[in-house]
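> Sequence first, predicted model second:
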Amino acid sequence: MIEGILIGLSTALSLTNILMVMVGCFAGTIIGMLPGLGPMTAIALMIPITYGFDPSTGLILMAGVYYGAVFGGSTSSILLNAPGIPGTVATAFDGYPMAQQGKAGKALAIAAYSSFAGGTISAIFLLVAAPSLSKVSLAFRSPDYFALMILGLTAISAFSSKGQFLKAMMMVVLGLMLATVGQDSLSDITRFTFNNMNLTDGISFVLIVMATFAMSEALTIIFRGKDPNRAAKQISLTELGSIKVNKEETIKMAKTIPRSSILGFLIGVLPGAGATIASFLAYGMERNYVNEEEKQKFGKGSVHGLSAPETANNAACSGSFVPLLTLGIPGSGTTAVMLGALLGFGIQPGPRLYQTNPEIFWSVIMSMYIGMVVLLILNLPLIPYIARILAVPRNYLIPLILFFSVTGIYLMSFNNFDIFLMIGIAVVATFLRLYDFPMPPLILAFVLGGLMEETLRRSLLISDGSPNFLWDRPITLIILLITITIVGWQIFSTLRKKS
Amino acid sequence: MRISPTKFISLLFLVLSVFYLYTAYNIQVFAFDENAPFNARTFPIYLGWAGIILSSLKIILPEKVTTEVNHKHLDYKSIIYLILISLIYAAVILKIGYFISTSLFLFASYYFLGERRWGLMFILSFPFVAAFMYLLHGLLNIYLRDPFLKYIGVMG
């Protein structure tokens, strides 16, 4: 292994490759900041460019873009409440309230430090445990995945809006309903399209996230423009604040980062799970770990609440490379694009990649770490400049948010049906938000909808339609028991409050 | 009897769930799939029932945490203007192209939100959209269909 690390270091530390990591991180940050353009789009845009390079350099550039875009996505989550990618939705829960309190600089600094720490710890895990962890991921079967998704949705409903569990669960169901629009993945039968050709391919994730977060946020700001309390809040948006993290906040981060890194990495290793589930679960887990006083701060600008998903999503990014490099199974949509790029280079990822192309295997792992360092060095000094976006007056900021939302959708489909649909969903979401119906459960449900149906299909086919699959395997049963505990705890805490 | 807005939304969700369930039962599946343990209807049917149960619970159970919204503080006029501008923008974007429609959309939005600095409004609409288009089209190689710019020979 030492020999492999040295090979990786010598490749990754060549002048060309360091330059590529830097260019990749910078380009990724800029692209990731634009709502609608996430790491998947950023990497896809890089593929034609990388074909001119040797495979190691091309992959190093793409790894830089990947991490840069994830950080860029966090930036737009914190500053605009407009997550470009599902993995940074949880970042907005506490990052955006922190920015509203005039601590935008600090929120971005906490995000940068947490991302760096999460990425560093998981890069070490990746280095040491890559081969054995791939075996663990193979142990997960469809029923386990199905139970894991139920757990993720229950956890987000329980934790995203205190005391509004039923409202959150209704949003989960609505998200899953929206995910069923379009062709059924196996039979190709169209569902809920009402003979509209534009709905045949389903509703895109970017459209839903833009409508329920960016556009609906912009409309809510205007809608509540006359509210004296809200107006005061908006004024504080222009305060950038310091990027310095004090001792108390550092201690909080130091407690959060290790556990979120481990969780993020392990979730990232599971094929299909990825940064989204990792960040939501880390957020939920963190809320359970902290004391009652800290718990009250969640959703209102908690350091723990911001640090946990940021650490976990970066750790999951590294983790998702384990199944890609060792099994040839992409752990996320983004690594699926990278798999396509690898195949384009004539490289077949899998257990033999160690033997056939050790320089690629190890240089990608080493370049990830170098990417983290570059990202921190590059982005920390830029935070005050990036945060200046908040100083833009409301009269300009709102139309610009609408502009980026509409452009993001238009770039994907080049038709106006999607824009009409987005406006409709945004208007509904604005009214739902007005009455405290939380949007994050809807988003997560929408993202997981397709995979959830697929795993349920496989599980039911294996068990011949019997629900036994829910308790036949110990892993499934344990996950299900955790879910029941969360639901039970919600009922118990509601009853306790009433009494 | 006065129904709270939350319960009214739950009632609407109940109606939606019933409609969704009805549509789910009417999804046409292949004949050989009719009695399969899982077909294209199965998951939507589960979801429809889940929606009905959850929304019914929300309607039936007493509300302990109520969300109060003061309608006097809501700016209905601005939001209606903004939604109307957005709808017009969506309707014309394909006909007159990305550049003009987006620039006009931005300009009109600034105006209706109370901005009157004409110079700044112009810079942050027409030249801003042009620069953004250059970033997409010139640097990132993302094609944006624009009949107007094609007509005047700026775009291919």
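Structure received. Residues are numbered from 1 along each chain as shown, chains lettered A, B, ... in the order given.
> Which residues of the stretch 351-499 of chain A lie near chain B?
A:394-396, A:398-400, A:402-403, A:406-407, A:410-411, A:414-416, A:419-420, A:423, A:427, A:430-432, A:434-437, A:452-453, A:456-457, A:460-461, A:463-465, A:494, A:497-498 (Cβ under 8 Å from any Cβ of the partner chain). Where C-beta positions appear, they are placed from N, C-alpha and C, glycine not excepted.
> What residues of the helix or strand containing A:Gly105 count as buried?
Following DSSP states H and E, one finds A:Gly105 within helix A:104-139. For helix A:104-139, the buried set under the neighbour-count rule, 16 or more other Cβ atoms under 10 Å in any protein chain shown, comprises A:104-123, A:125-127, A:129-130, A:133-134, A:137.
> now stretch B:97-114
B:97-113.
> now, which of the residues of the stretch 351-499 of chain A next to chain B lie within helices?
A:394-396, A:398-400, A:402-403, A:406-407, A:410-411, A:419-420, A:423, A:427, A:430-432, A:434, A:452-453, A:456-457, A:460-461, A:494, A:497-498 (DSSP state H).
> Which members of those are classed as buried?
Buried, going by 16+ other Cβ under 10 Å: A:394-396, A:398-400, A:402-403, A:406-407, A:410-411, A:419, A:423, A:427, A:430-432, A:434, A:452-453, A:456-457, A:460, A:494, out of those.
> Show me which residues of the stretch 101-250 of chain A sit near chain B.
A:163-164, A:166-167, A:169-170, A:173-174, A:176-177, A:180, A:184, A:186-187, A:189, A:191-192, A:219, A:222-228, A:230.
> From those residues, list just the buried residues.
Here, 16+ other Cβ under 10 Å leaves A:164, A:166-167, A:169-170, A:173-174, A:176-177, A:180, A:184, A:191-192, A:219, A:222-227, A:230 buried among those.
> from these, which ones fall inside strands?
A:Arg191 (DSSP state E).
> got the domain boundaries for chain B?
What the record gives for chain B is the domain set B:5-60, B:76-151, from automatic domain parsing.
> JSON lines please, covering those domains and showing distance to A:Val290 and mean pLDDT.
Compiled in JSON lines, the domains of chain B are given as follows (distance: least, Cβ to Cβ, whole Å; pLDDT from 0 to 100):
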{"stretch": "domain B:5-60", "distance to A:Val290": "29", "mean pLDDT": "94"}
{"stretch": "domain B:76-151", "distance to A:Val290": "37", "mean pLDDT": "88"}
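> Which one of those domains lies nearest to A:Leu382?
Closest to A:Leu382 of those, according to Cβ to Cβ: domain B:76-151, at 18.3 Å.
> Need the outlier residue of chain B, farthest from its centre.
Counting by Cα atoms, centre = their mean, the extreme residue of chain B relative to its mean C-alpha position is B:Phe32, 38.1 Å from that point.
> backbone phi and psi for that one, please?
Backbone geometry at B:Phe32, expressed as degrees, to the nearest 10, gives phi -70, psi -10.
> How much space separates it from chain A?
According to Cβ to the nearest Cβ, to the nearest Å, B:Phe32 stands 10 Å off from chain A.
> for that residue, what are its contacts?
Contact analysis of B:Phe32 by Cβ atoms under 8 Å, 6 or more residues apart in numbering or on different chains lists nothing.
> How about A:Ile409?
Contacts for A:Ile409 (Cβ under 8 Å, 6+ apart) come out as A:Gly36, A:Ser204, A:Val206, A:Leu207, A:Met210, A:Asp418, A:Ile419, A:Met422.
> Next: A:Val245.
Here A:Val245 is in contact with A:Lys106, A:Ala109, A:Ile110, A:Tyr113, A:Met253 (Cβ under 8 Å, 6+ apart).
> Next SSE downstream of the helix holding A:Gly105?
Helix A:104-139 is succeeded, C-terminally, by helix A:142-160 (DSSP H and E).
> For that following helix, which residues meet the burial criterion?
Buried, per 16+ other Cβ under 10 Å, within helix A:142-160: A:142-160.
> Reformat the domains of chain B as CSV; add distance to A:Ser363.
Below are the domains of chain B laid out as CSV (distance: least, Cβ to Cβ, whole Å):
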stretch, distance to A:Ser363
domain B:5-60, 43
domain B:76-151, 27
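> Of all those domains, which one is nearest A:Ile257?
domain B:76-151 (34.3 Å).
> any residue of the closest one up close to chain A?
Yes. Domain B:76-151 reaches chain A (Cβ under 8 Å from any Cβ) through B:76, B:78-79, B:82-83, B:86-87, B:89-91, B:93-94, B:98, B:102, B:105-106, B:109-110, B:113-115, B:124, B:132, B:136, B:140-142, B:144-145.
> Distance from that domain to the middle of the chain?
The chain centroid and the centroid of domain B:76-151 are separated by 18 Å under Cα atoms, centre = their mean, to the nearest Å.
> which residues of chain B fall in helices?
B:5-25, B:42-60, B:76-96, B:98-112, B:118-123, B:126-133, B:147-151.
> no wait, the stretch 251-400 of chain A
With DSSP state H, counting those that start in this stretch as the criterion, the stretch 251-400 of chain A has helices at A:274-289, A:292-297, A:303-319, A:321-322, A:333-344, A:353-356, A:358-379, A:383-386, A:394-413.
> In CSV: the ones you listed, plus mean pLDDT.
Putting these into CSV (pLDDT from 0 to 100) gives the following:
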stretch, mean pLDDT
helix A:274-289, 83
helix A:292-297, 83
helix A:303-319, 88
helix A:321-322, 77
helix A:333-344, 72
helix A:353-356, 69
helix A:358-379, 77
helix A:383-386, 70
helix A:394-413, 82
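> Compare those and give me the one nearest B:Asn70.
Closest among these, using Cβ to Cβ: helix A:394-413, at 20.2 Å.
> Just the CA trace of the closest one, in CSV.
Listed next in CSV are the C-alpha coordinates belonging to helix A:394-413 (Å, rounded to 0.1, in the frame of the first residue of the first chain):
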residue,chain,number,x,y,z
ARG,A,394,-33.6,43.1,-2.2
ASN,A,395,-35.0,44.8,-5.4
TYR,A,396,-32.1,43.3,-7.4
LEU,A,397,-31.5,40.1,-5.5
ILE,A,398,-35.0,38.7,-5.8
PRO,A,399,-35.2,39.1,-9.7
LEU,A,400,-31.7,37.7,-9.9
ILE,A,401,-32.7,34.6,-7.9
LEU,A,402,-35.8,34.2,-10.2
PHE,A,403,-33.5,34.6,-13.2
PHE,A,404,-31.0,31.9,-12.1
SER,A,405,-33.9,29.6,-11.2
VAL,A,406,-35.6,30.0,-14.6
THR,A,407,-32.3,29.8,-16.5
GLY,A,408,-31.3,26.6,-14.7
ILE,A,409,-34.6,25.0,-15.8
TYR,A,410,-34.5,26.4,-19.3
LEU,A,411,-31.0,25.1,-19.8
MET,A,412,-32.1,21.6,-19.1
SER,A,413,-35.1,21.3,-21.3
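> For A:Leu153, see how far away B:Lys95 is.
42 Å (Cβ to Cβ, to the nearest Å).
> can you check A:Ala139 too?
22 Å.
> returning to what we had before: among the residues of the stretch 101-250 of chain A next to chain B, which are in helices?
Checked against DSSP H, those include these in helices: A:166-167, A:169-170, A:173-174, A:176-177, A:219, A:222-223, A:228, A:230.
> Which two among these are spaced furthest apart?
A:Leu176 and A:Pro228, at 38.3 Å, using Cβ to Cβ across those.
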